[in-house]
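Novice: pasting the structure only:
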């Protein structure tokens, strides 16, 4: 079933039973966490029943259901009800939306940030991401080999309903891959980074779900995200949630590969790398525009860094701040401190955009190339999506912070926005500015204009990976139509 979803099949008939990629993922988690010898063997009817039950799980806290008495019309009651609704929406968005992201864009972005296509700022002084950093944390596996191996096992899992034998790389149909791809590295990626046992899964799942209240357990981190293949439940290793295999090649999984003791330093390195990558995307905008980097200026004698980028378009000056901070687990499950990563990431980005806007004349002295006479808007670009354009309750909290029209985009959305030419983009941003509510811009209409266009930086990076082309040549031997590769 999950292999069907991973292949891109979308059978509307299944949805009436609650069968979706996210319900299948949680049913798989529950079966592994609580199943054991002698339990009822799964069949299609059981899966349909469990997915249907999973889809009906609701927040058990119903204190703020709509009512009519005076207490339930108080401002305190309304605020508490909105808080609960915002948490529930956050859980739903982080459960359902990640599986809808573009695999091509995500894999290519990984290579552009961390692999053979990565570029670092000229003055970059990394603490972790020095030359050969990935090989050091993986004991010798090059980054591109790691990504290509994950892609290969994702294809194989889709082909055989999630089943992948441990000796699959010895099959005659895959020998040709050895000409362009390190099969020994692929074996290590499988056993060291993709494979787990039922006992280890249970232990890790307890660590994530155990401390949470009942209403949040369903949305807790699923260990299959990190180790999608399980041995010991079938004659061959099986990926119960097949979509999770390729997610190991996407940036969110790469962030957590460094050992715990190195993660803060790695996150510090990631900030300027992401900022530089954002500039590479801005450079794709066609037409009359200038892309200018941050500068250091002085205010009352104190040195201050401006926002990260200035995009000078024909009709508008865009101030851009990049934030690499990840959504925390509490945001994904709607915990008590669920707003923490939004305030630390987007909130700080808005603060910096406000300051650069107020100091624009001081900045202009150091950066005379920007036209300060134009209308100005700000954009916070996040490395991972926070889904603010979908969650109006979170956007309402931004209204107290933004001093001029400001929007929030994930880098995936920016990769689409830059495909609009400079004139169109300027007009779209001015329109969004005019329609902004309390200085909060919604950029969905501008993104709609870019639908159907391909980002050349992402496409070229995807095409540069050797194993992708090799798998396409081997499609018949793998039992796949060429389009699936």
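Specialist: Now that the structure is in, tell me what you want to look at. Everything quoted here is computed from the prediction, not taken from an experiment.

Novice: and residue 466, what does it touch?
Specialist: 148, 180-181 (CB atoms under 8 Å, 6 or more residues apart in numbering). For the C-beta atoms, the positions are set from N, CA and C on the backbone; glycine is no exception.

Novice: which of those residues fall in helices?
Specialist: Using DSSP state H, the members of the contacts of residue 466 that fall in helices are residue 148.

Novice: hang on, isn't residue 106 packed against residue 253?
Specialist: No: with contacts counted by CB atoms under 8 Å, residue 106 stays clear of residue 253, the gap being 9.8 Å.

Novice: check which helices and strands the helix ranked longest in the chain sits against.
Specialist: Determined from DSSP H, the single longest helix within the chain is helix 75-96. Helix 75-96 is packed against helix 329-333, helix 392-398, with contacts defined by 3 or more CB pairs under 8 Å, 6 or more residues apart in numbering; DSSP states H and E.

Novice: weakest of these in terms of mean pLDDT?
Specialist: When the helices and strands packed on helix 75-96 are ranked by mean pLDDT, helix 392-398 comes last with a mean of 68.

Novice: pLDDT (mean, whole number) over stretch 140-155?
Specialist: Stretch 140-155 comes out at a mean pLDDT of 93.

Novice: ugh, wrong one, stretch 357-364
Specialist: 97.

Novice: from now on call the first residue 20
Specialist: With 20 as the first residue, the last one maps to stretch 376-383.

Novice: contact partners of that stretch?
Specialist: 314, 316-318, 323, 325, 338, 375, 389, 391, 395, 397, 422-423.

Novice: just these: which are in helices?
Specialist: Filtering those for helices - DSSP H - leaves residue 375.

Novice: I'd like to know which elements whichever strand or helix holds residue 66 is packed against.
Specialist: Assessed by DSSP states H and E, residue 66 sits inside helix 63-74. Here helix 63-74 touches helix 40-53, going by 3+ CB pairs under 8 Å, 6+ apart.

Novice: before we move on, the earlier item: name the helices or strands packed onto the following helix or strand past the longest helix of the chain?
Specialist: Downstream of helix 94-115, the first helix or strand assigned by DSSP H and E is helix 122-133. Applying 3+ CB pairs under 8 Å, 6+ apart, one finds that helix 122-133 contacts helix 162-178, helix 270-273, helix 282-301, helix 430-436, helix 475-483.

Novice: can you say which of those is packed in most?
Specialist: Mean neighbours per residue, mean count of other CB atoms under 10 Å, is largest over the helices and strands packed on helix 122-133 for helix 162-178, with a mean of 24.

Novice: and the angle from it to helix 122-133?
Specialist: 160 degrees (axes from the mean of the first three to the mean of the last three CA atoms, to 10 degrees).

Novice: dump the helices and strands packed on helix 122-133 to JSON lines, plus distance to residue 307.
Specialist: Formatted as JSON lines, these follow (distance: least, CB to CB, whole Å):
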{"stretch": "helix 162-178", "distance to residue 307": "37"}
{"stretch": "helix 270-273", "distance to residue 307": "32"}
{"stretch": "helix 282-301", "distance to residue 307": "14"}
{"stretch": "helix 430-436", "distance to residue 307": "17"}
{"stretch": "helix 475-483", "distance to residue 307": "19"}
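
Novice: give the contact list for the most centrally placed residue in the chain.
Specialist: For the chain, the residue sitting closest to the mean C-alpha position, by CA atoms, centre = their mean, is residue 403 at 4.3 Å. Residue 403 sits next to 270-271, 345-346, 429-430 when contact means CB under 8 Å, 6+ apart.

Novice: next one: residue 212
Specialist: Contacts of residue 212 by CB under 8 Å, 6+ apart are 157, 165, 169, 246, 267.

Novice: can you give me the distance of residue 166 to residue 487?
Specialist: Between residue 166 and residue 487 the distance is 10 Å, computed by CB to CB, to the nearest Å.

Novice: now do the helix or strand harbouring residue 372: distance to the chain's middle.
Specialist: Using DSSP H and E, residue 372 sits in helix 367-377. In terms of CA atoms, centre = their mean, to the nearest Å, the centre of helix 367-377 is found 24 Å from the chain centre.

Novice: mind listing what's buried in it?
Specialist: By 16 or more other CB atoms under 10 Å, the buried positions in helix 367-377 come out as 368-369, 371-376.

Novice: stretch 353-365 now?
Specialist: 353-354, 357-361, 364-365.

Novice: tell me the one among the contacts of residue 212 nearest to residue 119.
Specialist: residue 267 (17.4 Å; CB to CB).

Novice: and that closest one, how many residues sit next to it?
Specialist: 25 (other CB atoms under 10 Å).

Novice: and the gap between the closest residue to it other than its chain neighbours and residue 379?
Specialist: Distances taken as CB to CB, 6 or more residues apart in numbering place residue 169 nearest to residue 267, at 4.9 Å, with adjacent residues excluded. Taking CB to CB as the measure, residue 169 and residue 379 are separated by 45 Å.

Novice: cool, and residue 339?
Specialist: In terms of CB to CB, residue 339 sits 14 Å off from residue 379.

Novice: tell me which of the two has more neighbours.
Specialist: Using other CB under 10 Å, the more surrounded residue of residue 339 and residue 379 is residue 339, with 25 against 17.

Novice: quick one: contacts for that one?
Specialist: Going by CB under 8 Å, 6+ apart, the list of residues near residue 339 reads 297, 301, 326-330, 397-400.

Novice: now the buried members of those.
Specialist: For the contacts of residue 339, buried by 16+ other CB under 10 Å: 297, 301, 326-330, 397-400.

Novice: can you flag which of the residues you listed belong to strands?
Specialist: Among the buried ones among the contacts of residue 339, DSSP state E puts 328-330, 397-400 in strands.

Novice: closest to residue 480 among the residues you listed?
Specialist: The closest of these, once distances to residue 480 are taken by CB to CB, is residue 400, at 18.9 Å.

Novice: wait, that closest one touches residue 340, no?
Specialist: Yes: proximity of residue 400 to residue 340 meets the contact threshold set by CB under 8 Å, at 7.2 Å.

Novice: pLDDT and distance to residue 470 added to the contacts of residue 339, as CSV?
Specialist: As requested, the contacts of residue 339 are arranged in CSV below (pLDDT from 0 to 100; distance: CB to CB, whole Å):
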residue, pLDDT, distance to residue 470
297, 98, 21
301, 98, 20
326, 98, 28
327, 98, 27
328, 98, 24
329, 98, 27
330, 98, 21
397, 97, 24
398, 97, 19
399, 95, 22
400, 96, 19
